[in-house]
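Q: could you look at this predicted model? Sequence included:
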Amino acid sequence: MTLKVEQFLKSKLLDTPFLVVDLDVIAEKYLTLHKLLPKARIYYAVKANPEPEILRLLVKLGANFDAASIGEIEQCLAVSARPEQISYGSTLKKARDIARAYQLGVKLYSFDSWGELEKLSVHAPGSRVCCRLLIETQSAEWTLARKFGCAWDMAFDLLLHSRTLGLEPYGVAFHVGSQQTDPTQWNEPIHQVALLFSKLAAQGIDLQVMNLGGGFPAQYQSPIPSEEVYAEAIQTAISHHFGDNPPQVMLEPGRFLVADAGTIQSEVVSIAKKSYTDDQRWVFLDVGKFNGLMETLDECIKYRIRTPYDGSAVGSVVLAGPTCDSADILYERAGYKLPLSLQIGDRIDILSTGAYTHTYSSVGFNGIPPLKVYCI
């Protein structure tokens, strides 16, 4: 938590739960990534946190944008991003949404199947297209395998066919999984992309772009390597597999840019035990899976928690949200311990929650409104 966020929380007693985001942290993260990988084009993954203040900041910094929907495209345009700064990166798009994006001036699209390619040829003629590879990786805390991408041989055929449909075969994309904790996981996908570039070049197709996706991590409970380690691993892999003729690199950071900038403040609603002999407390918060903490699903993302009593004696807890759904349990197996002096009505801070929180909030499950956001 930054000093600016700390002062904001001390100076304002706001109704919980809410998310506060320090824009200076986002700027620092963006500039760090740009410095470490200066030749890469950075496309912010808007889905991580689409708050207008964040988008405006990134426009001023010169960022591009990875949009997953027409709604996100329009949000970017509303803060003065240019259409050529936007990639329609979702591989699942309705025909009318492609047509609308094309009408708005977007000319860069991702795809991973024959059906999607056909839609692009009809509704975004002449556009640049990138095929997403299906890859297997390890060590990502939020995996993106199976649902997205296609096999190597299919990617070759699709990109070859895209030219006959009047599209511009532009590049290859992949994603090593969100919150990727192993910097070496980019190496093999880059190798596969290099082979694809080479084989397509033999067919007269010179691809221009390699989209490395996201995956750069935030600081949750477990230690992670530094940004420098990730950048060095990526640059080494590109140099090894492409030699002196590397393609233009695209990056799609989302979590990396905004997660550590955010803090959720929550109130302890109740503390209970399930029997007289039970040593484990249940701590119920006013924020849960359905109003901001969806990434605790299967206890994948393990947030750091700060309480007013840190440093005092602790005991094992189950952390749960406020709804009447039994699935609204945040952590039961992860071994969380909180101070024994924690009381009903106390406020706790959940750190590094600037990404994939308020946009996951339900519209009103159990009558609970979506998470409020304050950008400072």
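A: Yep, it's here. Residues are numbered from 1 along each chain as shown.
Q: buried stuff in whichever strand or helix holds residue 373?
A: Using DSSP states H and E, residue 373 maps to strand 372-375. Within strand 372-375, the residues that count as buried by 16 or more other C-beta atoms under 10 Å are 372, 373, 374, 375. To be clear about C-beta, it is placed using only N, CA and C from the backbone, and glycine gets the same treatment.
Q: how far does the helix or strand hosting residue 284 sit from the chain's center?
A: Secondary-structure element containing residue 284, defined by DSSP H and E: strand 281-285. In this view, strand 281-285 has its centroid 28 Å away from the chain centroid, taken as C-alpha atoms, centre = their mean, to the nearest Å.
Q: tell me what the next helix or strand after that strand is packed against?
A: Counting by DSSP H and E, the next helix or strand C-terminal to strand 281-285 is strand 305-306. With contacts defined as 3 or more C-beta pairs under 8 Å, 6 or more residues apart in numbering; DSSP states H and E, the packing partners of strand 305-306 are strand 347-351.
Q: closest to residue 239 out of the buried residues of strand 372-375?
A: Residue 239 lies nearest to residue 375 out of the buried residues of strand 372-375, by C-beta to C-beta, at 38.5 Å.
Q: got a list of what that closest one touches?
A: 20, 21, 23, 51, 53, 54 (C-beta atoms under 8 Å, 6 or more residues apart in numbering).
Q: measure the third one to residue 253 for me?
A: When C-beta to C-beta, to the nearest Å is the yardstick, residue 23 and residue 253 sit 16 Å from each other.
Q: okay, those two: which has more neighbours?
A: Remark: of residue 23 and residue 253, residue 253 carries more neighbours, 24 against 18, as counted by other C-beta atoms under 10 Å.
Q: how about the contacts made by the more buried one?
A: Per C-beta under 8 Å, 6+ apart, neighbours of residue 253: 29, 33, 42, 44, 45, 214, 216.
Q: all helices of the stretch 51-200 of the chain, in order?
A: Here the stretch 51-200 of the chain has its helices, by DSSP state H, counting those that start in this stretch, at 52-61, 70-78, 95-103, 114-123, 152-164, 187-201.
Q: how about the stretch 201-350 of the chain?
A: Using DSSP H, counting those that start in this stretch, helices in the stretch 201-350 of the chain cover 227-242, 255-258.
Q: tell me what the strand holding residue 284 is packed against?
A: By 3+ C-beta pairs under 8 Å, 6+ apart, strand 281-285 packs against strand 262-272, strand 314-320.
Q: deepest of those, which one?
A: strand 262-272 (a mean of 20; mean count of other C-beta atoms under 10 Å).
Q: still on that earlier bit, mind putting the helices of the stretch 51-200 of the chain in a markdown table, mean pLDDT included?
A: Converted to a markdown table, the helices of the stretch 51-200 of the chain look like this (pLDDT from 0 to 100):
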| stretch | mean pLDDT |
| --- | --- |
| helix 52-61 | 98 |
| helix 70-78 | 98 |
| helix 95-103 | 98 |
| helix 114-123 | 98 |
| helix 152-164 | 98 |
| helix 187-201 | 98 |
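Q: so for residue 343, which of those helices sits nearest?
A: helix 52-61 (34.4 Å).
Q: so what secondary structure elements neighbour the closest one?
A: Counting contacts by 3+ C-beta pairs under 8 Å, 6+ apart, helix 52-61 is packed against helix 23-36, helix 70-78.
Q: which one among the buried residues of strand 372-375 gets closest to residue 177?
A: residue 373 (26.1 Å).
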